[in-house]
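J.: Got a predicted structure plus its sequence, pasted below:
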Amino acid sequence: MPPASPAGIQDRNRHLADLLHACAQGRQTAFQALYREVSPQLFAVLVRILKRRDLAEEALQDALLSAWRNAGSYSAEKGTPMTWLVSICRYRALDMLRREKREVSLDTDQEDLDGEGQQVADGAMVTDAVNVSKAEERKLDDCMRRLNEGQQRSIRLAYVDGCTHEEIAAQVGSPVGTVKSWVRRGLESLKRCLEAA
Amino acid sequence: MNYSDPRLQNLLAGEYVLGLMRGAARRRCERLMMEMPSLASAVTAWEECFAAWASRLSPLQPPGYLEWRLMGRVRRESQPRGERLRNTFWRTWAVAATVVLALIIVTQKLTPTTEPKAAEFALMSDAKGTPLWLISVHPEARRVDMKVVTANPVPAGKSYELWMLPDGGKPVPMGLMNETGLASETVPPELLARLLAAKALAISLEPKGGSPTGQPTGPVLWVAPLVAS
């Protein structure tokens, strides 16, 4: 679905940004065009995370309605239009998942993160927003390949399938603590690798 | 915890984007993003980075009724405030009408009658909430009734066409809408089950005599959920 050439990608981003801009001015036809263009990709993301079509439909409707209401707040600093839309959808889906599992989950992340805070020393600067193009996609692939298998799988399962630490641990058959440190080390190495070159 | 540490920010941002932060931690991170632009841009950087994976999933077409439902919501939200107030009036009216309708149905249930009762209803209302048609499905008679509540003239050379929106799949043509009084359409047996399972009905504007393609060709003007009686 995404165009192959960088020029094609830029054209598409510009086109989607124009549609969002028109949505911000209240133009419903622009919203319909946007819906037709982006909904199959977004729906795929949502079905993958939520595993149920009815929930994915609800999430898509909520997310796109929120995109329509907040189209005016979109700007290039928030990433490409597709990234912005994918993020709205994913966070909506994650909220729905957490809501469904609320009674089961007990929040222990708080102390873990605080503990991690002490371990993290001062380091590399955070760069500004990266623009996705084929070259950057390749860079992500290359950098992912440098992580160990557990780190790779944990990060993928979290992003693509919306898995929690516990779910990842169950899938890869490792303790939750190991998964948590895989994710953190993985993210750090990934950042270092993405910033280099 | 020193949130201004770039490495920690990078980690927080990454876990936030991966969806691994939950509950209070997630909300706190969102609050921090508003206060710290550097954290917000670290989040965007991760979002942009991983979005490549989202774009690699094979696209999946959502069901057609989702677009119609969403456009209906957008249309309603776009109405000026005055209209929305009137809308509230009509919605109240519609609720009252539904209650009366329910009462009639209950009374009919109590009184033996030769006419089998309708199983499902849909009330088609315009953008302002004015009820236009009351559509009822009578499974035993294999019939759909369309009763004009408020007359709504068809533009010259056009027809209003009724569509069933099945749960998944394309809209199914159900016949043309009447402009006055009560009209009935017979439903073929194979369509009846799908109709009873359908979630909504819709009306589109078509060339006179109905859509030439078997799918809506003009704008979808009204959508209403099918509710069981």
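T.: Now that the structure is in, tell me what you want to look at.

J.: Can you show me the strands along chain B?
T.: Ranges of strands in chain B, per DSSP state E, are B:120-125, B:131-138, B:143-148, B:158-165, B:172-176, B:182-186, B:200-207, B:220-225, B:227-228.

J.: by contact count, what packs against the second one?
T.: Contacts defined by 3 or more CB pairs under 8 Å, 6 or more residues apart in numbering or on different chains; DSSP states H and E place strand B:131-138 against helix B:81-110, strand B:120-125, strand B:143-148. The C-beta positions use only the backbone N, C-alpha and C, and glycine is treated the same way.

J.: to the chain's geometric centre, what's the distance from it?
T.: Centroid separation between strand B:131-138 and its chain, computed with CA atoms, centre = their mean, to the nearest Å, is 17 Å.

J.: ok, now the first one?
T.: What separates the centre of strand B:120-125 from the centre of its chain is 12 Å, taken as CA atoms, centre = their mean.

J.: what's the answer for the last one, then?
T.: In terms of CA atoms, centre = their mean, the centre of strand B:227-228 is found 15 Å from the chain centre.

J.: Show residues contacting it.
T.: Residues outside strand B:227-228 that contact it (CB atoms under 8 Å, 6 or more residues apart in numbering or on different chains) are B:119, B:120, B:121, B:122.

J.: correct me, but the first one touches residue B:195?
T.: In this case it means residue B:119. No - contact criterion CB atoms under 8 Å: residue B:119 and residue B:195 do not qualify, at 9.4 Å.

J.: what's the distance between the residue most central in space within chain B and chain A?
T.: The centroid of chain B falls nearest to residue B:69 when counting by CA atoms, centre = their mean (2.6 Å). In this view, residue B:69 and chain A are 7 Å apart by CB to the nearest CB, to the nearest Å.

J.: re the thing from before, switch the strands of chain B over to a markdown table; also include mean neighbour count.
T.: Formatted as a markdown table, these follow (neighbours: other CB atoms under 10 Å in any protein chain shown):
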| stretch | mean neighbour count |
| --- | --- |
| strand B:120-125 | 21 |
| strand B:131-138 | 22 |
| strand B:143-148 | 19 |
| strand B:158-165 | 23 |
| strand B:172-176 | 19 |
| strand B:182-186 | 14 |
| strand B:200-207 | 22 |
| strand B:220-225 | 20 |
| strand B:227-228 | 10 |
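
J.: Of all those strands, which one is nearest residue A:160?
T.: strand B:158-165 (30.9 Å; CB to CB).

J.: count of neighbours near residue A:174?
T.: Residue A:174: 15 surrounding residues under other CB atoms under 10 Å in any protein chain shown.

J.: Who are the packing partners of the longest helix seen in chain A?
T.: If you go by DSSP state H, chain A has its longest helix at helix A:28-50. Helix A:28-50 is packed against helix A:6-24, helix A:53-69, helix A:81-101, helix A:149-161, helix B:37-56, helix B:64-77, with contacts defined by 3+ CB pairs under 8 Å, 6+ apart.

J.: ok now do the most centrally placed residue in chain A, which residues does it touch?
T.: The residue lying closest to the centre of chain A (CA atoms, centre = their mean) is residue A:87, at 5.2 Å. Shown in contact with residue A:87 (CB under 8 Å, 6+ apart): A:79, B:17, B:47, B:51.

J.: if we can go back for a sec, quick check: the residue nearest to the centre of chain B touching residue B:202?
T.: No - in this structure, residue B:69 is not within contact of residue B:202 by CB under 8 Å, at 9.5 Å.

J.: Give me the domain ranges for chain B.
T.: B:6-56, B:64-228 (automatic domain parsing).

J.: now what about stretch A:171-190, what contacts it?
T.: A:112, A:116, A:140, A:143-144, A:146-148, A:150-155, A:157-158, A:163, A:165-166, A:168-169, B:7, B:10-11, B:14-15, B:18, B:20, B:49.

J.: just the CA coordinates of that stretch, formatted as CSV?
T.: This file holds the C-alpha atoms of stretch A:171-190, laid out as CSV (Å, rounded to 0.1, in the frame of the first residue of the first chain):
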residue,chain,number,x,y,z
GLN,A,171,5.0,-15.9,24.7
VAL,A,172,8.8,-16.1,24.8
GLY,A,173,9.0,-18.2,27.9
SER,A,174,11.2,-15.9,30.0
PRO,A,175,10.6,-14.2,33.3
VAL,A,176,8.9,-10.8,33.3
GLY,A,177,12.0,-9.2,34.8
THR,A,178,14.1,-10.4,31.9
VAL,A,179,11.6,-9.1,29.4
LYS,A,180,11.6,-5.7,31.1
SER,A,181,15.4,-5.4,30.9
TRP,A,182,15.4,-6.7,27.2
VAL,A,183,13.0,-3.9,26.3
ARG,A,184,15.0,-1.2,28.1
ARG,A,185,18.4,-2.4,26.8
GLY,A,186,16.9,-2.9,23.4
LEU,A,187,15.5,0.6,23.3
GLU,A,188,18.8,2.1,24.4
SER,A,189,20.8,0.1,21.8
LEU,A,190,18.2,1.0,19.1
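
J.: For that stretch, buried residues please.
T.: Buried residues in stretch A:171-190, counted by 16 or more other CB atoms under 10 Å in any protein chain shown: A:172, A:176, A:179-190.

J.: Of those residues, which is the nearest to chain B?
T.: Closest approach between the buried residues of stretch A:171-190 and chain B, by CB to the nearest CB: residue A:187, at 3.8 Å.

J.: Can you name the helix or strand that that closest one falls in?
T.: Element membership for residue A:187, per DSSP states H and E: helix A:176-195.

J.: What distance do you get for the closest residue to residue A:39 other than its chain neighbours to residue A:65?
T.: Distances taken as CB to CB, 6 or more residues apart in numbering or on different chains put residue B:62 closest to residue A:39, at 5.3 Å, once the chain neighbours are dropped. Here the criterion is CB to CB, to the nearest Å. By it, residue B:62 lies 14 Å from residue A:65.

J.: out of these two, which sits in the busier spot?
T.: residue B:62 (23 against 15).

J.: got the end-to-end distance for stretch B:191-208?
T.: End-to-end distance for stretch B:191-208, by CA to CA, to the nearest Å: 24 Å.

J.: Spit out the contact partners of the residue nearest to residue A:36 when sequence neighbours are not counted.
T.: Closest residue in space to residue A:36, ignoring its immediate chain neighbours: residue B:67 at 7.4 Å, by CB to CB, 6+ apart. Residues near residue B:67 by CB under 8 Å, 6+ apart: A:32, A:35, A:36, A:39.
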